[in-house]
Structures are given as C-alpha cells and as structure tokens.
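Novice: prediction below, plus the sequence it came from.
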Amino acid sequence: MNKEELKKILQSLNEEDYKNNVDLHIHTDFSDGKMTPCEVMAQVNQKALRLFSVTDHNTIDAYLSSNILKEDTIIPGVEFDCFYRGNVIHILGYGIDIDNENLKTLYSKNKIGCSSVLYRMLRLRNPEEVIEKIKSAGAIAVLAHPCCYWTLSLDEFVRDLVEMGLDGVEVYYKYKRLRRFVKFHKKETVEKIADKYHLIKTGGSDSHGKKLL
C-alpha cells in the first residue's frame, strides 16, 4: 500500500482497536526482544491480530530473514534511536520499503547496535534526518512513547518535531516495564497534542518478551 492508503488505515483506528486486535510496536530477537519472527507470527495468529508491525531498533533484519512480509496483516516498520533536547527518543517508521537506499544509511551495521542499550546510546541519530529519510522513503514517521520524555512543555517538544515532518504520535501505549516508572506526562496530554497538530494516533505493546502483551 502507498503512504496515503496507510494514513487512512491508521487514522481509522481507535483505542479499542489497539486494546483488542492491533499491535504496531513489537520487537524480535534481531534487536532487544526475545521472540523470533516465527514466534511473533504464531502469537499474532493466536491473538487474531488484524494489523501488526515488527519495529526492531535500527534494523530490518527480521524482515530479511523470514517470511513475515508475506503476512497480509503486516505493516513493515522500524524504530530508530535518536537524541533530541536532552532525551533519547524513538522514532517509528511505518510502511517502510525494506529496499530503500536512503533508509539503509540509518540501520546499524551489527547486532550490538540493535540490542545493547549502552551501545545504542553511543550511536544516536538526528531526529530531523531520521524523519526526512522515513518520509522520503514514502513511509510515516511516528514518535514512540511520548509520555516518557522529560520536557517542561511536551506541546513545544512535539510541535518542533512536527515542523521537522513528524506524522504521528504513539498514544495508545501500555507503559510496561521501566517506562511505567519513568513517565513524565499523561496519555490525555498526548492525545490533546495529537488533536492540536492533526497527528496520526498509533499504539502498540512495545513487546520485548516471549508473549505479546
């Protein structure tokens, strides 16, 4: 599907969809998750998800090393580590072309650049470059788990990213693991900001374990 078709699909989803049968934030063992792509597909089928996305950190190797792209319910994705205003932030790319040469310059060249948090922090990307390359590849750029970023004004924080070309924010997110404690803003605040700047609202489990949350 093209970018406009994907936008329409994402804009049609609501909180109930993300609670019940859509998960657009899943990690495999090609980054810092524990499931193989095949195990992810088994979980997706078990939960009868109608849409899902594997969004490994800085790599698309899960797509290159499996048949997961043949799934009718997949939205190809990736999650890039960036540095912005004193924060390590994550930019999700949805609807990516895995053969796009522009995006290939952003991927890590080894497994440690996808799995080790400390190593990843030494290789942080510029969000403006990441957003530009995601969009130039015909994909959609979304800010992941925005409640976790320290800023006095989340509105200004997001606004400046919108000026760089940001398309959406992750609103429907369960904030499990460490992120349930490192949380500076409310979901309702994010939702209002998304409405203010006409952003696509996405969601997902950010699953890293052996089961989808």
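Specialist: On my side now, so go ahead.

Novice: go through stretch 81-98 and flag the buried ones.
Specialist: Residues 81-82, 84, 87, 89-96 are the ones in stretch 81-98 that count as buried (16 or more other CB atoms under 10 Å). All C-beta spots, glycine's among them, are computed from the backbone N, C-alpha and C.

Novice: now swap in stretch 97-117 and tell me
Specialist: For stretch 97-117, the neighbour count (16+ other CB under 10 Å) marks 100, 103, 106-108, 113-116 as buried.

Novice: and for stretch 186-204?
Specialist: Within stretch 186-204, the residues that qualify as buried are 190-191, 193-194, 197, 199-204, counting by 16+ other CB under 10 Å.

Novice: of those, closest to Thr73?
Specialist: Checking the buried residues of stretch 186-204 against Thr73 by CB to CB gives Gly204 as the nearest, at 13.5 Å.

Novice: give me phi/psi at the closest one?
Specialist: Main-chain dihedrals, Gly204, degrees, to the nearest 10: phi 180, psi 170.

Novice: is the spatially most central residue of the chain in a bridge, and if so with what?
Specialist: Ranked by distance to the mean C-alpha position of the chain (CA atoms, centre = their mean), the top residue is Leu92 at 3.2 Å. Taking DSSP bridges as the rule, Leu92 bridges to Glu79, Val142.

Novice: helices or strands up against the lowest-mean-pLDDT helix or strand in the chain?
Specialist: Ranking every helix and strand in the chain by mean pLDDT, DSSP states H and E puts helix 117-121 at the bottom, with a mean of 85. Packing contacts for helix 117-121, counted by 3 or more CB pairs under 8 Å, 6 or more residues apart in numbering; DSSP states H and E, involve helix 112-115.

Novice: please put the alpha-carbon coordinates of stretch 102-118 into PDB.
Specialist: The C-alpha trace of stretch 102-118 is given here as PDB (Å, rounded to 0.1, in the frame of the first residue of the first chain):
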ATOM      1  CA  ASN A 102      18.000   6.200   1.900                       C
ATOM      2  CA  LEU A 103      16.900   4.200   5.000                       C
ATOM      3  CA  LYS A 104      19.800   1.800   4.700                       C
ATOM      4  CA  THR A 105      22.100   4.500   5.800                       C
ATOM      5  CA  LEU A 106      20.300   4.700   9.200                       C
ATOM      6  CA  TYR A 107      20.400   1.000  10.000                       C
ATOM      7  CA  SER A 108      23.000  -0.500  12.400                       C
ATOM      8  CA  LYS A 109      25.800  -2.500  10.900                       C
ATOM      9  CA  ASN A 110      25.900  -5.100  13.700                       C
ATOM     10  CA  LYS A 111      23.700  -6.800  16.200                       C
ATOM     11  CA  ILE A 112      25.100  -4.800  19.200                       C
ATOM     12  CA  GLY A 113      23.800  -1.600  17.600                       C
ATOM     13  CA  CYS A 114      20.300  -3.100  17.800                       C
ATOM     14  CA  SER A 115      20.300  -4.900  21.100                       C
ATOM     15  CA  SER A 116      22.700  -3.200  23.600                       C
ATOM     16  CA  VAL A 117      21.100  -0.100  25.200                       C
ATOM     17  CA  LEU A 118      24.500   1.300  26.100                       C
END
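
Novice: and Leu124, how far from Ala194?
Specialist: Separation of Leu124 from Ala194 (CB to CB, to the nearest Å): 25 Å.

Novice: I meant to write Asp56 there.
Specialist: Asp56 is 25 Å from Ala194, by CB to CB.
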